[in-house]
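Participant: Next input, structure requested:
(2 chains)
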Amino acid sequence: GAGVSQSPSNKVTEKGKDVELRCDPISGHTALYWYRQSLGQGLEFLIYFQGNSAPDKSGLPSDRFSAERTGGSVSTLTIQRTQQEDSAVYLCASSPRTSGTTDTQYFGPGTRLTVL
Amino acid sequence: DAKTTQPNSMESNEEEPVHLPCNHSTISGTDYIHWYRQLPSQGPEYVIHGLTSNVNNRMASLAIAEDRKSSTLILHRATLRDAAVYYCILRDRIGSNYKLTFGKGTLLTVNP
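Facilitator: I've put the predicted structure just below:
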């Protein structure tokens, strides 16, 4: 079956511009997560959704970052007024639910964002 | 989540077994031990998880020390495709366990 997909795969933008990153989770998965991976670093949690609600936004680095999820499916991560330190790979994951510790998260291939 | 410690890198030869260690001396009784790996230019993928007993699946085996302060991921016959960064992650069985807390992991190089 189809896995998690993300678009675009690569995005180059100029400092100060806004960008939108899209995530299509596995069909039927109620939980969706965004992570960020800077060059040579581990993954950093940004936000998670249960359905269309985001109970935990604590990982968002600043108020320039926002995310939404509609119809319990597609999610969009928006970065306003991009800065060079926003350059990273943005990874999306989904899982059937969040209540289980053994719940596997399935990751997409990521969007590589480069801010010039 | 409790912290884990892994070697920065390891090297193996193709078709030989690989033992990837992870120390988690502050593990609590409700923490599960999970392993994910990240192949080059891809998102992480689940490998295996366990609580107290050793576990086997089609990808790997997980050996957990009796005191649970360490564990070892075992790849029985490494292939070139197993070259990746391997992450050992603790997930609490209770409370807010939705987020995965990744460290820097172990970079496994497999030589042909």
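Participant: need the residues of chain B near chain A, please.
Facilitator: Remark: the part of chain B in contact with chain A comprises B:32, B:41-46, B:49, B:87, B:91-93, B:96-105, using CB under 8 Å from any CB of the partner chain. Glycine gets a C-beta too; all of them are placed from N, C-alpha and C.
Participant: Surely B:Gly105 and B:Gln6 touch.
Facilitator: Yes - under the criterion of CB atoms under 8 Å, B:Gly105 makes contact with B:Gln6 at 6.0 Å.
Participant: which residues do these two both contact?
Facilitator: B:86-88 (CB atoms under 8 Å, 6 or more residues apart in numbering or on different chains).
Participant: Report the buried members of the residues of chain B next to chain A.
Facilitator: Buried residues within these, defined by neighbour count using 16 or more other CB atoms under 10 Å in any protein chain shown: B:32, B:43-46, B:49, B:87, B:91, B:97-103, B:105.
Participant: re earlier: using TSV, lay out the shared contacts of B:Gly105 and B:Gln6 together with secondary structure and pLDDT.
Facilitator: Formatted as TSV, those follow (DSSP: H, G, I helix; E, B strand; the rest coil; pLDDT from 0 to 100):
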residue	secondary structure	pLDDT
B:Tyr86	strand	97
B:Tyr87	strand	96
B:Cys88	strand	96
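Participant: Quick check: residues of chain A near chain B?
Facilitator: Going by CB under 8 Å from any CB, the residues of chain A near chain B are A:4, A:31, A:33, A:35, A:41-45, A:48, A:56, A:59, A:91, A:93, A:98, A:101-102, A:104-110.
Participant: Flag the shaky bits of chain A, pLDDT-wise.
Facilitator: Within chain A, the ranges that satisfy pLDDT under 70 run A:1, A:98-102.
Participant: Right, and chain B sits closest to which residue of it?
Facilitator: Scanning chain A for proximity to chain B using CB to the nearest CB identifies A:Phe107 as nearest, at 3.0 Å.
Participant: List the contacts of that residue.
Facilitator: For A:Phe107, the contacting residues are A:4, A:91-93, B:42-45, taking CB under 8 Å, 6+ apart as the criterion.
Participant: Skipping adjacent residues, who's closest to it in space?
Facilitator: Here the nearest residue to A:Phe107 in space, its sequence neighbours aside, is B:Gly43; by CB to CB, 6 or more residues apart in numbering or on different chains that works out to 3.0 Å.
Participant: Against A:Glu20, how distant is that neighbour?
Facilitator: From B:Gly43 over to A:Glu20 the distance is 19 Å, taken as CB to CB, to the nearest Å.
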